[in-house]
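K.L.:
got a sequence here, can you build the structure:
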Amino acid sequence: MGKTAMTAQPTPKGAWKITFLLFLFMLVNFADKIVVGLAGAPIMDELKLSPEQFGFLGSSFFFLFSISAIVVGFIVNRVDTRWVLLVMAVIWSVAQFPMVGTVGFATLVICRIILGAGEGPAFAVAAHAIYKWFPDEKRTLPTAILSQGSAFGVILAVPALNWIIVNHSWHYAFGALGIVGLMWGAAWLVMGKEGPLVHTVTTATTDPRVPYLQLLTSRTFIGCCAATFGAYWALSLGLTWFTPFIVKGLGFSQKDAGWISVLPWVFGAAVVLLTGWISQVMLTRGYTTRGARGILGSVPLIVGGLILAVLPYVNGAGWQIAFLVVGSGLCGSIYVVCPPMLGEFTPVQQRGAVIAIYGAIYTLAGMIAPSVMGVVIQNAAAPLEGYMTGFTINAVIMAASGLLGLLLLWPNTERARLMAQAAAQPKFA
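P.N.:
Next up is the predicted model:
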């Protein structure tokens, strides 16, 4: 495997404080996402929802998710991320409060659509904000920490939210999340700052503007979208259907399902942090980003897909949960490496939009996967059979996306090609 040296640059003071605040930002973000899946059984029972309707509810979160991600991605090319992040947090919080009272299916869907519109740009904007604090060779670890906001959002929130659901009502779980979101917004208003690594002499000389068509049709951009699409298919199924699978598929109680629902996120957190650390070590030792990011992120997707493919043939609830946890959890590696790969060859003044468009494309899986699972379950001879068919579909998509990533992710040569084109065209714009 080839090696190339990266020149070390200093990290500005305050970078890790901002990283921690944005870690909390993503923590709240994923706690908001998981609550519907966690409360899936009582919501279906109270509102008399069929599996197909509940699948539609899970998918509704993503109806405006991609569109808002693209729009806000272009906005953060011109507006400070500090203010964009604050507005997003307020939207999340306000969207939760209507669920505290008595609601029907339509109200629940509308609130989830609004919440999805507010949360669609979250990771892209947060990553763009962090990259203003860290030079390229130091971005993988903070990206991993940012990604862990999702895992810890579930690990920390699920026990608390499930306690509220079991002892009070699923309605109050939404209200609690609204309050937490407002608390984060207040903290960010006081401590949030814009990073200094925006326009420097280096970026001015090495980052000419590249036509978006060339960026978005580059091999590595397509590879990132394809690979992360498969990972997000698994993630969105976990957000919407994992707890209902534990309760209605395997027969566990809502109380027991609460702690079981934490397991995929604990394992996923370990995968993400380990990937971030290994990638950072490989880069400091001179490995190319093709190996330290592209291959490192793609292979676990393939392995995870193969593990999920075995799930229907495993006997015993404990083993089924274990295979599901490990198979789906391995997909987390791709989230760590793709944003830094895109940031590696995208001019800084276009980075926010490119990362946002990438997010808008791969999160389309979230709009499709929950509904597909709902339809499959509803049309199966038995619920457990439907779940297993749905997870098999997930396995095929994960393995295929990992293979595409393995073939297409070449960020180091991508930058060289784009910059060579820019040097050959004085009016490269």
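
K.L.:
which other residues reach stretch 76-93?
P.N.:
For stretch 76-93, the surrounding residues in contact (C-beta atoms under 8 Å, 6 or more residues apart in numbering) are 22, 25, 28-29, 32, 72, 75, 114-115, 117-119, 121-122, 125-126, 128-129, 132, 177-182, 184-185, 188-189, 192-194, 349-350, 352-353, 356. Where you see a C-beta, it was placed from the backbone N, CA and C, and this is true even at glycine.

K.L.:
are any of those buried, and which?
P.N.:
22, 25, 28-29, 32, 72, 75, 114-115, 117-119, 121-122, 125-126, 128-129, 132, 177-178, 180-182, 184-185, 188, 192-193, 349-350, 352-353, 356 (16 or more other C-beta atoms under 10 Å).

K.L.:
can you tell me how far T19 is from A160?
P.N.:
Distance, T19 to A160, using C-beta to C-beta, to the nearest Å: 24 Å.

K.L.:
A39 now?
P.N.:
In terms of C-beta to C-beta, A39 sits 13 Å off from A160.

K.L.:
who has more neighbours, the two?
P.N.:
The residue with more neighbours, out of A39 and A160, is A39; 24 against 15, by other C-beta atoms under 10 Å.

K.L.:
contacting residues for that one?
P.N.:
Per C-beta under 8 Å, 6+ apart, neighbours of A39: 161, 165, 170, 173.

K.L.:
ok, 10 Å please
P.N.:
Contacts for A39 (C-beta atoms under 10 Å, 6 or more residues apart in numbering) come out as 46, 99, 161-162, 164-165, 169-171, 173-174, 243-244, 254.

K.L.:
cool, and R139?
P.N.:
Here R139 is in contact with 127, 130-131, 133, 146, 276, 279-280, 283, 336, 339-341, 343-344 (C-beta under 10 Å, 6+ apart).

K.L.:
buried sites along the longest helix seen in the chain?
P.N.:
Ranked by number of residues, the top helix in the chain under DSSP state H is helix 140-167. For helix 140-167, the neighbour count (16+ other C-beta under 10 Å) marks 140-155, 157-158, 161-162, 164-165 as buried.

K.L.:
can you check stretch 208-215 too?
P.N.:
208, 210, 215.

K.L.:
just stretch 364-384 next, same as before
P.N.:
Applying 16+ other C-beta under 10 Å to stretch 364-384 flags 364-377, 380, 383-384 as buried.

K.L.:
just stretch 297-317 next, same as before
P.N.:
Quick answer for stretch 297-317 (16+ other C-beta under 10 Å): 297-305, 307-309, 311-312, 314.

K.L.:
do the same with stretch 274-290
P.N.:
Neighbour count says stretch 274-290 has 275-276, 278-280, 282-283, 287-290 buried, by 16+ other C-beta under 10 Å.
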